[in-house]
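Mind folding the following:
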Amino acid sequence: MNSTLKRDFGPRLLPVRWLDSPLIGPLVICRRNARRVSGSAASRCSVAAVRSGRPLRGLRAFTLLELMMVIAIIGFIAALALPHVGGIGQANSMNAATLQLLDDVALGRQLAMRNRSPVYMVFLPPMFWTSNAFEYASPPISGHQVTNLITHQYSAYALVSTGSVGDQPGQHHARYVTDWRVLPAGVFFAPFQFTPTYYQTNLFTTNTLSGITIDNVIQPWSYIQVPFPSLYPPNTTMPLPCIGFSPQGSLMTPYTNQYIALARGSIFYPTDTNGLPLFEQPNWAENPPGNDAKNPNLIEIDWMTARATLMQNQFQ
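Model (predicted):
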């Protein structure tokens, strides 16, 4: 009896078992147009093409034209989005500045009641070195603190107490309860609040949903003589604009609410060839122009309770 030995030289099917899954059928690399894989269809798989390094017919790469179109679309979207990134940063800076001032107003009120002594939030005026007390101080006021304050005009403030618990009657001594603090970059105090000639300013805030417009009457800040720039020599006593908190938890200006107006923009400080700040008038620019009045961001401090609230336009 003659028998014929038939051997199948077709591709071997290698069973694959994944660690996280049950046993599955043989792993076969086939053309994309193969609808199903079976024992007979496995012979049509491109095992030889994979072994020889030739690409499969069903696979294709990106062309240069397609890549250029994708890059162009990305560039177009970026051009539309980038102008709004600056506005987002300014909004975040304004929110941070508002929260910072709200916290420090509450801190000043709390310290005044706890120490049973008035506490003042003093503001750094522009061109502070032109004050007679500063200009004719002996010895002349200098140092790193003054140099740092030159680059923080319109944006620096501190809390100063005129006394503390245990002081003898008539022997109160002012002291700084905080260091000089600075507003976030891109935000500064409205310049009109440092103009000694203005009497009052009316800024309007509107709620578009209710249609109510509030007339905020902003009175000038008071002035107080405090050691400047700190308690340590060389220093002097000079008047600084301020908002005062009484030991009773109210403002030192009865029947008159106080406001802190903020503006968005930039301040440019003149420097010499070595990059050191000069004792010259800084240049400020609001962005957009006039936003301190057209779109005000006001911190209103009630005269009776000395509690601060945010006043601004609300668009609904």
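
what helix or strand does Asn274 sit in?
Using DSSP states H and E, Asn274 is not contained in any helix or strand.

That one and Thr151: what is the separation?
Taking Cβ to Cβ, to the nearest Å as the measure, Asn274 and Thr151 are separated by 14 Å. Any C-beta I mention is one placed from the backbone N, CA and C, and that applies to glycine too.

Then Gln281?
Applying Cβ to Cβ, the value for Gln281 to Thr151 is 13 Å.

Off-centre distance for stretch 212-222?
In terms of Cα atoms, centre = their mean, to the nearest Å, the centre of stretch 212-222 is set 26 Å apart from its chain centre.

correction: stretch 109-122
28 Å.

buried stuff in it?
109, 111-113, 115, 117-122 (16 or more other Cβ atoms under 10 Å).

who's more crowded, Asn274 and Thr151?
Thr151 (14 against 5; other Cβ atoms under 10 Å).

about what we covered before: for the buried residues of stretch 109-122, could you give me a markdown table that also reports pLDDT, distance to Ser161 and secondary structure?
Formatted as a markdown table, those follow (pLDDT from 0 to 100; distance: Cβ to Cβ, whole Å; DSSP: H, G, I helix; E, B strand; the rest coil):
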| residue | pLDDT | distance to Ser161 | secondary structure |
| --- | --- | --- | --- |
| Arg109 | 96 | 12 | helix |
| Leu111 | 94 | 7 | helix |
| Ala112 | 94 | 8 | helix |
| Met113 | 94 | 12 | helix |
| Asn115 | 88 | 6 | helix |
| Ser117 | 90 | 6 | coil |
| Pro118 | 93 | 7 | coil |
| Val119 | 96 | 5 | strand |
| Tyr120 | 97 | 8 | strand |
| Met121 | 97 | 11 | strand |
| Val122 | 97 | 11 | strand |
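
of these, closest to Met252?
The closest of these to Met252 turns out to be Pro118 (Cβ to Cβ; 6.2 Å).

Contact partners for that closest one?
Pro118 is in contact with 112, 161-163, 244-247, 252, counting by Cβ atoms under 8 Å, 6 or more residues apart in numbering.

Name the SS class of Phe76, please.
helix (DSSP: H, G, I helix; E, B strand; the rest coil).

Roughly how far does it sit from Glu66?
From Phe76 over to Glu66 the distance is 16 Å, taken as Cβ to Cβ.

With Ala306 instead?
Noted for Ala306: a distance of 65 Å to Glu66, by Cβ to Cβ.

quick one: which of the two has more around it?
Using other Cβ under 10 Å, the more surrounded residue of Ala306 and Glu66 is Ala306, with 25 against 10.

and that one, how far is that from Val119?
Note on Ala306: its distance to Val119, by Cβ to Cβ, is 10 Å.

Quick check: pLDDT value at Gly89.
Gly89 carries a pLDDT value of 54.

nope, Asp167 is what I meant
For Asp167, the model assigns a pLDDT of 68.

For Leu262, give the beta-bridge partners.
For Leu262, the beta-bridge partners are Phe189, Asn297 (DSSP bridges).

Ends of stretch 290-308, what's the gap?
24 Å (Cα to Cα, to the nearest Å).

chain center to it: distance?
Counting by Cα atoms, centre = their mean, stretch 290-308 comes out at 19 Å from the chain centroid.

Please apply the same query to stretch 208-217.
27 Å.

can you list contacts of that stretch?
200-207, 257, 259, 296, 298, 300, 311, 313-316.

List the buried residues of that stretch.
For stretch 208-217, a neighbour-count test (16+ other Cβ under 10 Å) marks Asn216 as buried.

just for the stretch 101-250 of the chain, where's the confidence low?
Within the stretch 101-250 of the chain, the stretches with pLDDT under 70 are 165-171.

mind listing the helices in it by residue range?
Remark: helices assigned in the stretch 101-250 of the chain by DSSP state H, counting those that start in this stretch are 132-135, 144-150.

would you turn these into a markdown table with mean neighbour count?
Shown next, in a markdown table, are the helices of the stretch 101-250 of the chain (neighbours: other Cβ atoms under 10 Å):
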| stretch | mean neighbour count |
| --- | --- |
| helix 132-135 | 14 |
| helix 144-150 | 15 |
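
List just the one of those that sits closest to Ser222.
Checked against Cβ to Cβ, the stretch from the helices of the stretch 101-250 of the chain lying closest is helix 132-135, at 17.1 Å.

The closest one packs against which elements?
strand 236-245 (3 or more Cβ pairs under 8 Å, 6 or more residues apart in numbering; DSSP states H and E).

show me what contacts Pro277?
When contacts are counted by Cβ under 8 Å, 6+ apart, Pro277 is found next to 147, 150-151, 269-271.
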